[in-house]
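S.K.: Build the 3D model from these lines:
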Amino acid sequence: MRHRAGLLVIAVPLAFAATGAGADVTVSSDPTSNITCSSGVCAPTATNAVLNVGDLETMLATGNVEVTTTGSGVQANNIDIGAKLSWSGANALALEAYDSIAVAAKVSVKGAGGLALTTNDGGSGGTLSFGAKGNVTLRHLSSQLVINGATYTLVNSVQTLASAITANPNGDYALAGSYDASGLTQYSPANSLAGTVEGLGNTISNLTVRSGGSAGGLVREIEASGGVENLTIASLQLSARTKHTASDFVGGLASFNFGMLFDDRVTGTIAASGVAFVGGLVSINYGTIARSFSNAKAQAETHPAAMGGLVSENKGSIAGSYASGSVTGGGLGYAGGLVGANGGSISNSYATGSATGAWGDAGGLIGWNDNSNNTAFVNSSYSTGQPGQAEDAGGFIGLNSGSASGLTDCDWDTTTSGTDTGIGHGPHGGLTGLTTQQFQSGLPAGFDPAIWAENPEINGGLPYLIANPPVKK
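M.R.: Got it, this is the predicted structure:
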């Protein structure tokens, strides 16, 4: 992810390209090759270079080190951290990548040293991303963390983070390590975030939130200038109860997103009672959600207006994301495996959870796709979940409004959804029903192999996102 004075900027179509495909500087356990280190600066002598992690740790023991992708007459693209890296003392490490930095292993700053990360150092569309086993931890909160020129305040608990955001919504904050919120009896999420929260691949686990109205696990509203990235909220228990006096907006990470969410994850249970919009990641999205997912179970006891495995209502963009949690609700409303009601764009995304209990519109991916103003576009996406019994029920969309479908290269699983009806009501163009066996036999038409892949041992052999693979259960 690219930051500029706390503002997140991302070229979404490029965010799904996997690093490590060539022209990279890799920190690994392999011998150092095609790289020279002099006066604390390590630069490549060929576009594919390796810096042995032990050699790097030895240098950090005696001074500051800068690792760059730019050498004399040589330009590599990305920096990949592929081996566990740690150091003590007060020395700092700087990683400067022409495009992206990908952290696939644990990086531990055990002393008072610092870390500076720079992406898009001459390139564009680069990201800071973390693999399933990758994260950064900093033992001392006084250590300096700088990402693309912005200095971050380190926090080590969800209460400290909420207090810091409340005191200065425009600040840039980073989680110094994973945090277990078990036993936390009182927690009030921040109201508004206009700055950045950087998770560094860390996890906030076992968080419980109780609310009498709109609620988000981390913050109520993310402003247009704000964003959250590389953060997991695991085993969340969030509930909101009202007396049906007003609509409430409940999301695992936030109630409203006007900004940028990148590589964020939510697991657990999200429940509401009252007139509610319930989403696994956020309730209402006006901004951008990229490379994120939720497997949280979304539940509403009475009168849900819209419910979605990832988002209850999307008016912005969703790309490279998925949801696998079930969506269950009662009352007249919209329920979708990924999105309850969609008026924005969805691309390269999928849902595998069921969407049941809504009396109105239910779909494996979307409950209601409102394309009446030609603004609701869905491409290269699929669903597998059951839509349940609803007035308009479809394996992909319950109700599709407008004169055109707004769909391109979309598919649903006729086997697992239990229905040969892709759209309960409305235009059907751009949608194909496939059996599970057909899905597993190769990528559907229009699915880019640079973004999607199939493997019998991953996601049940169904298509998965290369840059956002399913979490192992």
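
S.K.: give me the beta-bridge partners of residue 155?
M.R.: residue 175 (DSSP bridges).

S.K.: So for this structure, the centremost residue is which one?
M.R.: In the chain, the C-alpha nearest the mean C-alpha coordinate belongs to residue 292, at 2.1 Å (CA atoms, centre = their mean).

S.K.: what about residue 283, which SS state?
M.R.: Applying DSSP: H, G, I helix; E, B strand; the rest coil to residue 283 yields a three-state assignment of strand.

S.K.: Make residue 1 into 30 and carry on from there
M.R.: Understood, numbering begins at 30; the last thing we discussed is residue 312.

S.K.: Pretty sure it sits against residue 336.
M.R.: No. The pair residue 312 and residue 336 does not pass the contact test of CB atoms under 8 Å, sitting 9.6 Å apart. For the C-beta atoms, the positions are set from N, CA and C on the backbone; glycine is no exception.

S.K.: Between those two, which contacts overlap?
M.R.: Common neighbours of residue 312 and residue 336, using CB atoms under 8 Å, 6 or more residues apart in numbering, are residue 306.

S.K.: Against residue 81, how distant is residue 62?
M.R.: 9 Å (CB to CB, to the nearest Å).

S.K.: These two: which has the busier surroundings?
M.R.: residue 81 (17 against 14; other CB atoms under 10 Å).

S.K.: pretty sure that one contacts residue 55?
M.R.: No. Residue 81 lies out of contact with residue 55 (CB under 8 Å); the separation is 10.0 Å.

S.K.: Can you dump the C-alpha atoms of stretch 362-373 in CSV for me?
M.R.: Extracted in CSV, the C-alpha atoms of stretch 362-373 (Å, rounded to 0.1, in the frame of the first residue of the first chain):
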residue,chain,number,x,y,z
GLY,A,362,-34.9,-7.3,3.3
TYR,A,363,-31.9,-8.3,1.1
ALA,A,364,-29.4,-11.1,1.8
GLY,A,365,-26.3,-12.0,-0.2
GLY,A,366,-23.4,-14.2,0.4
LEU,A,367,-21.1,-11.3,-0.4
VAL,A,368,-23.3,-8.2,-0.5
GLY,A,369,-26.8,-7.6,0.6
ALA,A,370,-27.6,-4.7,-1.8
ASN,A,371,-25.2,-3.5,-4.5
GLY,A,372,-25.2,-0.2,-6.3
GLY,A,373,-21.5,-0.1,-7.0
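
S.K.: buried ones in that stretch?
M.R.: 362, 363, 364, 365, 366, 367, 368, 369, 370, 371, 372, 373 (16 or more other CB atoms under 10 Å).

S.K.: what stretches of the chain score poorly on pLDDT?
M.R.: 30-51, 271-276, 304, 331-333, 359-361, 386-388, 501-502 (pLDDT under 70).

S.K.: Which parts of the stretch 380-502 of the chain are strands?
M.R.: Applying DSSP state E, counting those that start in this stretch to the stretch 380-502 of the chain gives strands spanning 384-385, 390-392, 395-399, 406-408, 411-412, 421-423, 426-430, 436-437, 439-442, 452-454, 460-463, 481-482, 493-494.

S.K.: which other helices and strands contact the second one?
M.R.: This points to strand 390-392. Counting contacts by 3 or more CB pairs under 8 Å, 6 or more residues apart in numbering; DSSP states H and E, strand 390-392 packs against strand 363-365, strand 384-385, strand 395-399, strand 421-423, strand 426-430, strand 452-454.

S.K.: These: which one's closest to residue 480?
M.R.: In terms of CB to CB, the element of those nearest to residue 480 is strand 395-399, at 20.1 Å.

S.K.: Can you give me the domain assignment for this protein?
M.R.: The chain is divided into the following domains under automatic domain parsing: 31-176, 187-494.

S.K.: Buried deepest among the ones you listed, which one?
M.R.: domain 187-494 (a mean of 23; mean count of other CB atoms under 10 Å).

S.K.: Now the terminal residues of that domain, how far apart.
M.R.: End-to-end distance of domain 187-494 (CA to CA, to the nearest Å): 30 Å.

S.K.: just stretch 151-170 next, same as before
M.R.: The first and final residues of stretch 151-170 sit 31 Å from each other (CA to CA).

S.K.: gap between that stretch and the chain center?
M.R.: 14 Å (CA atoms, centre = their mean, to the nearest Å).

S.K.: and residue 497, what does it touch?
M.R.: With CB under 8 Å, 6+ apart, residue 497 has these contacts: 45, 292, 320, 321, 322, 349, 350, 351.

S.K.: Run through the residues that contact residue 198.
M.R.: Contacts of residue 198 by CB under 8 Å, 6+ apart are 219, 220, 221, 222, 223, 224, 252, 255.

S.K.: With distance to residue 341 as extra columns, can I get the helices and strands packed on strand 390-392 in JSON lines?
M.R.: What follows is these, written out as JSON lines (distance: least, CB to CB, whole Å):
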{"stretch": "strand 363-365", "distance to residue 341": "8"}
{"stretch": "strand 384-385", "distance to residue 341": "12"}
{"stretch": "strand 395-399", "distance to residue 341": "9"}
{"stretch": "strand 421-423", "distance to residue 341": "17"}
{"stretch": "strand 426-430", "distance to residue 341": "14"}
{"stretch": "strand 452-454", "distance to residue 341": "19"}
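
S.K.: of all those strands, which lies closest to residue 303?
M.R.: Per CB to CB, nearest to residue 303 of the helices and strands packed on strand 390-392: strand 363-365, 16.3 Å.

S.K.: Partner strands of the closest one and their direction?
M.R.: strand 333-337 (parallel), strand 390-392 (parallel).

S.K.: Using PDB, write down the CA coordinates of the following helix or strand past the first one.
M.R.: Same thing as strand 333-337. Later in the chain than strand 333-337, the nearest helix or strand by DSSP states H and E is strand 340-343. C-alpha atoms of strand 340-343 as PDB (Å, rounded to 0.1, in the frame of the first residue of the first chain):
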ATOM      1  CA  VAL A 340     -20.900  -5.800   3.100                       C
ATOM      2  CA  SER A 341     -24.600  -5.100   3.700                       C
ATOM      3  CA  GLU A 342     -24.700  -2.400   1.100                       C
ATOM      4  CA  ASN A 343     -22.100  -1.500  -1.400                       C
END
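
S.K.: where exactly do the helices run in the chain?
M.R.: 82-89, 187-196, 443-446, 465-469 (DSSP state H).
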